[in-house]
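1. Build the 3D model from these lines:
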Amino acid sequence: MPVKPRVGRGPYPIAAGAARRATCLFVDIGGVLLTNGWEHQSRQRAAAHFRLNLADLEERHRTVFTTYEEGRMTLTDYLSLVIFYRKRAFTRDQFRRFMFAESEAYPDMLELVTRLKDRYRLKVVAVSNEARELNEHRIRTFRLDHVVDAFVSSCFVHLRKPDVDIFRLALDIAHTNADRVVYIENTGLFVEIAAGLGIRGVLHRNTRTTRKALERLGLPDQSADAAPSDARAHDRRWEGRGR
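-> Numbering: from 1, shown residues only. As a prediction, this is how the structure comes out:
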């Protein structure tokens, strides 16, 4: 569903009246282009696979993850504090491979963003909360740099959503006015925060509803190949996801 920006003053104003056509897309990665990288369900699976105490894992994860996701802690340090604070029957490499294997693509969304980028000559900027090693793995594995022009990742810029400054920085990097940006995000609060800067948002649920919302915002997807089966699969993977 599209979320309207608020009209007002500020460094990134949006004019009252008809909205200008977007020249830039902001997109989240986890939950939009790919599955979330290291969410609660992934940690549950890790605990079951490696026979870990899930409650202990979750408590330690919550304590350090913000620091790790802001790029102020390496994966080696994260694993030392969360998993390998005691002797284990498995190696760091085994656990790291498990973490990385949790990521999957949403091909329908990657294709949609690619089509819109090509048709409307859009800049595409990823605005995401991701830890460095996982973010780099996902960019490389899923060739996100073929779709995305710039990555405003929390691990690179040391800011995390919901901090509004990460959106201000993304606007500066994109060198684009807020009223020329459409933001695709699966967390409603983040869409609302970006709207406060004048950024039009689409609260993502699946490809079908996002295509319709983008059309209402002046970015119709002209492809005749709507993929309802992909949308349904996306819905099933999306449901219940969270950190």
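
2. What is the longest helix seen in the chain packed up against?
-> When the chain is scanned for its longest helix (criterion: DSSP state H), the result is helix 54-69. Taking 3 or more C-beta pairs under 8 Å, 6 or more residues apart in numbering; DSSP states H and E as contact, the helices and strands that helix 54-69 lies on are helix 40-50, helix 75-82. The way it works is simple: take the backbone N, C-alpha and C, and place the C-beta from them, glycine included.

3. And the last one, what's buried?
-> Across helix 75-82, burial judged by 16 or more other C-beta atoms under 10 Å covers Leu75, Tyr78, Leu79, Leu81, Val82.

4. What of the first one?
-> Neighbour-count burial for helix 40-50, with 16+ other C-beta under 10 Å as criterion, is recorded at Ser42, Arg43, Ala46, Ala47.

5. Not counting sequence-adjacent ones, nearest residue to the first one?
-> Yep, that's Ser42 we're talking about. Setting aside the residues directly before and after it, Ser42 is nearest to Glu102 in space (C-beta to C-beta, 6 or more residues apart in numbering), at 4.3 Å.

6. State whether Val182 is indeed within a helix.
-> No: under the criterion used here (DSSP: H, G, I helix; E, B strand; the rest coil), Val182 is strand, not part of a helix.

7. quick one: contacts for it?
-> Ala22, Cys24, Leu25, Phe26, Ile199, Arg200, Gly201, Val202, Leu214, Leu217, Leu219 (C-beta atoms under 8 Å, 6 or more residues apart in numbering).

8. Show the contacting residues for the residue nearest to Ser42.
-> Thr35, Gly37, Trp38, Ser42, Arg45.

9. what's the closest non-adjacent residue to the last one?
-> On the basis of C-beta to C-beta, 6+ apart, the spatially nearest residue to Arg45 that is not a chain neighbour turns out to be Glu102, at 7.3 Å.

10. separation between the one you found and Glu59?
-> Distance, Glu102 to Glu59, using C-beta to C-beta, to the nearest Å: 20 Å.

11. where does the protein have low pLDDT?
-> Across the chain, residues meeting the criterion (pLDDT under 70) sit at 1-19, 224-243.

12. all helices for it, in order.
-> Counting by DSSP H, the chain has helices at residues 40-50, 54-69, 75-82, 92-101, 107-120, 132-141, 154-157, 165-174, 188-195, 207-216, 228-238.

13. Outside of the fourth one itself, list whatever touches it.
-> Spelled out, it's helix 92-101. Contact partners of helix 92-101, identified using C-beta under 8 Å, 6+ apart, comprise 37-38, 42, 46, 49-50, 75-76, 79, 83-84, 134, 137, 141.

14. What is the most widely separated pair among the buried residues of helix 40-50?
-> Across the buried residues of helix 40-50, the two members that end up farthest from each other (C-beta to C-beta) are Ser42 and Ala47, 9.8 Å apart.
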